[in-house]
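Engineer: Generate coordinates for the sequence data below:
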Amino acid sequence: MSRFDGRVCLVTGSTGMAASAARALAVEGASVFVTSRTASHARALAGELGGSGAGVAWASADLTQEAEAEAAVAACVERFGRIDALYDVVGISGRRLGDGPLHEATLAGWEAVMAANVTSLFLVARATVRQMLGQEPDGDRSRGVLLTMSSALALHPSPTHFATHAYAASKGAIEAFTRAVAAYYAPRGIRANAIAPSLVATPMSRRAQADPDIGAYLRWKQPLADGPIDPDAVTPMALHLLSRESRMITGQVIGVDAGWSVSEPPASSQG
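Structural biologist: Sure, this is the predicted structure:
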């Protein structure tokens, strides 16, 4: 049997790391429900996944809005009867909306980033946990698992190239939220963990990928990738944390950063 046979996985987001994980989950037997703001992306991904033979459904929703987030979770339950795993990937960088160094950042940018990255997670996770609490535990005493998306920037800032302070704060909030949820719901059979990637080659990071200075920076900052991380390189850890293989793991933030957190510039660039 595949790791996800008979399991229902709700994935927020429909490109980049979310799309990569959804494809892998479907191949491994999961029923996958995809939700994101962009209907065309969610529809296209669901159509692609349908060829794997897995059960697939999708919904377009602005997950920063309470009613839409709850409706998306309800649609997943209506379609598949339960939710065994939530992989919450959806989020934004916020630079074009006014995020940046504190003295330059706008309130509008701060609020947009917090809504897209933190409020959306809160709303989807709340509705999902309410559903999981009503589910009978399986043979591992599990009612479900949540996996959230942090960033290397929450603990390892990069002031020269990635001075987006609202984004970093939002990812720190996600880590604190994940630990608090893990602590409270562990006795009820619900786990919660986070992944903290560094720069991944996704649509959100196109600006950084196109900047030659950032490209040079990433080659030494992320030596295992020699540049941006491929989304498919993050997916194996995501699936591990969503599966019963990690049934003894909760409240953890796992870095998938190609060496970001332990690398420094070569001596020639340090003056």
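
Engineer: Would you state the strands of the stretch 151-271 of the chain in chain order?
Structural biologist: 190-197, 253-256 (DSSP state E, counting those that start in this stretch).

Engineer: Any idea which of the ones you listed gets closest to Gly227?
Structural biologist: strand 190-197 (13.7 Å; Cβ to Cβ). Any C-beta I mention is one placed from the backbone N, CA and C, and that applies to glycine too.

Engineer: Buried ones in stretch 25-40, by neighbour count?
Structural biologist: 25-26, 28-37 (16 or more other Cβ atoms under 10 Å).

Engineer: List the residues that contact Ser150.
Structural biologist: 171-172, 174-175, 178, 194-196, 253 (Cβ atoms under 8 Å, 6 or more residues apart in numbering).

Engineer: If we use 10 Å, what do you get?
Structural biologist: 91, 117, 170-178, 193-197, 253-255 (Cβ atoms under 10 Å, 6 or more residues apart in numbering).

Engineer: any idea how far it lies from Gly134?
Structural biologist: 28 Å (Cβ to Cβ, to the nearest Å).

Engineer: Can you tell me which of the contacts of Ser150 are classed as buried?
Structural biologist: Looks like the contacts of Ser150 have 91, 117, 170-175, 177-178, 193-197, 253-255 buried, using 16+ other Cβ under 10 Å.

Engineer: gap between the nearest residue to Gly91 once chain neighbours are set aside and Phe4?
Structural biologist: Distances taken as Cβ to Cβ, 6 or more residues apart in numbering place Asn117 nearest to Gly91, at 4.3 Å, with adjacent residues excluded. For Asn117, the distance to Phe4 (Cβ to Cβ) stands at 26 Å.

Engineer: tally of neighbours for Thr202?
Structural biologist: 22 (other Cβ atoms under 10 Å).

Engineer: phi, psi of the spatially closest residue to it that is not a sequence neighbour?
Structural biologist: Excluding the flanking residues, the one nearest Thr202 by Cβ to Cβ, 6+ apart is Gly16, at 3.1 Å. Gly16 adopts backbone torsions of phi 50, psi -130, taken as degrees, to the nearest 10.

Engineer: So Leu224 is in contact with Gly255, correct?
Structural biologist: No: contact between Leu224 and Gly255 fails when scored by Cβ atoms under 10 Å: they sit 11.6 Å apart.

Engineer: what residues are shared contacts of these two?
Structural biologist: Contacts common to Leu224 and Gly255, judged by Cβ under 10 Å, 6+ apart, are Ser198.

Engineer: Just the helices from the stretch 151-271 of the chain, written as ranges.
Structural biologist: Taking DSSP state H, counting those that start in this stretch, the helices of the stretch 151-271 of the chain run over residues 165-185, 206-210, 212-221, 231-242.

Engineer: tilt between the first one and strand 190-197?
Structural biologist: Read that as helix 165-185. 150 degrees (axes from the mean of the first three to the mean of the last three Cα atoms, to 10 degrees).

Engineer: need the contact list for the residue nearest to Gly91.
Structural biologist: Asn117 touches 64, 88, 90-94, 148-151, 166-167, 169-171, 173-174, counting by Cβ under 10 Å, 6+ apart.

Engineer: What is the three-state secondary structure of it?
Structural biologist: Classification of Asn117 by DSSP: H, G, I helix; E, B strand; the rest coil places it in helix.

Engineer: Tell me, please, the helix or strand in this protein that averages the lowest pLDDT.
Structural biologist: None of the helices or strands of the chain scores lower by mean pLDDT, DSSP states H and E than helix 206-210, at a mean of 86.

Engineer: Please identify the buried residues of it?
Structural biologist: Here helix 206-210 shows 208-209 as buried, counting by 16+ other Cβ under 10 Å.

Engineer: same for it, what does it pack against?
Structural biologist: Judged by 3 or more Cβ pairs under 10 Å, 6 or more residues apart in numbering; DSSP states H and E, the packing partners of helix 206-210 are helix 212-221.

Engineer: contacting residues around the residue nearest to His165 when sequence neighbours are not counted?
Structural biologist: Distance criterion Cβ to Cβ, 6+ apart; nearest residue to His165, sequence neighbours excluded, is Leu102 at 5.1 Å. Residues in contact with Leu102, defined by Cβ under 10 Å, 6+ apart, are 110, 163, 165-166, 169.
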